[in-house]
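K.L.:
need coordinates for the following:
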Amino acid sequence: MPELAAPPILSPRRPTIVALVLGALTAVALWQRLHLNFNGPYLDESDYLYVGRLLDAGVPWKTYTYVFSSHIPIHILSFGDTLGGLTGARMVAAALGLGSLLFFYGAARALLGSRRIAGWAVLILLVASPHLFISKFATYDIVAFFFFSLSLWLMMEGCAAAAMAGCCVCWPRRCSPPRCSPSTW
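P.N.:
Sure, this is the predicted structure:
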């Protein structure tokens, strides 16, 4: 009599195991993101927060350099610094990191058309060390990624709305015949 093989790990017969593993990964990733007072200020953090304090006080920033790109990330992180010092600025960075995950989910769902696949994509980003790293430090990286994921989500939602209206501006090759194109605008 042939032996029965065990069902694969991702089989519908084992949803409890999959849910437990995914829940544990999510819990560890969230704990890592929210463990903010892990060391003193990182080199760039102290620069950003110092310049933010200068700008908030109305002091002109005489040594404006390429390092900081623009004032937007500095003012955003300075808000957290004003509320709670270094930990407050890191809390703002953590909130932006979590927000970027939400927008990334929306963009992936709109692009791929599947909530399940979008969930897996977000889980991969959630536990990815680069995203964990930049979500814990008060630097411009997480501010930039937050706005990137926001703009990606907005673009995908716009493309989905255009496709629903019968206008294939985002993927014209998928439309036969194309109902609207840049040449008809």
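
K.L.:
any residues touching the least confident helix or strand in the chain by mean pLDDT, and which ones?
P.N.:
Here the helix or strand of the chain ranked lowest by mean pLDDT, DSSP states H and E is helix 15-34, holding a mean of 78. For helix 15-34, the external contacting residues (Cβ atoms under 8 Å, 6 or more residues apart in numbering) are 9-10, 94, 97-98, 123, 126-127, 132, 135-136. Any C-beta I mention is one placed from the backbone N, CA and C, and that applies to glycine too.

K.L.:
filter these to the buried ones?
P.N.:
94, 97, 123, 126, 132, 135-136 (16 or more other Cβ atoms under 10 Å).

K.L.:
who touches the most centrally placed residue in the chain in this structure?
P.N.:
By Cα atoms, centre = their mean, the mean C-alpha position of the chain lies nearest to residue 100, the distance being 2.5 Å. When contacts are counted by Cβ under 8 Å, 6+ apart, residue 100 touches 131, 142, 145-146, 148-150.

K.L.:
can you flag the buried ones in those residues?
P.N.:
Using 16+ other Cβ under 10 Å, the buried members of the contacts of residue 100 are 131, 142, 145-146, 149-150.

K.L.:
of those residues, which belong to helices?
P.N.:
Taking DSSP state H, the ones among those that sit in helices are 131, 142, 145-146, 149-150.

K.L.:
mind putting the residues you listed into JSON lines with pLDDT?
P.N.:
Output for those, formatted as JSON lines (pLDDT from 0 to 100):
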{"residue": "131", "pLDDT": "91"}
{"residue": "142", "pLDDT": "93"}
{"residue": "145", "pLDDT": "95"}
{"residue": "146", "pLDDT": "97"}
{"residue": "149", "pLDDT": "96"}
{"residue": "150", "pLDDT": "97"}
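
K.L.:
for this protein, which spans come out with low pLDDT?
P.N.:
The chain contains residues with pLDDT under 70 at 1-15, 18, 64-69, 166-185.

K.L.:
ok, 90 please
P.N.:
1-56, 58-75, 86-87, 110-116, 119-120, 123-124, 126-129, 132-140, 156-185 (pLDDT under 90).

K.L.:
all helices for it, in order.
P.N.:
15-34, 43-56, 71-112, 115-127, 129-136, 140-164.

K.L.:
now distance to residue 62 too, for the ones you listed, in a markdown table please.
P.N.:
Shown next, in a markdown table, are those (distance: least, Cβ to Cβ, whole Å):
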| stretch | distance to residue 62 |
| --- | --- |
| helix 15-34 | 36 |
| helix 43-56 | 9 |
| helix 71-112 | 14 |
| helix 115-127 | 39 |
| helix 129-136 | 28 |
| helix 140-164 | 20 |
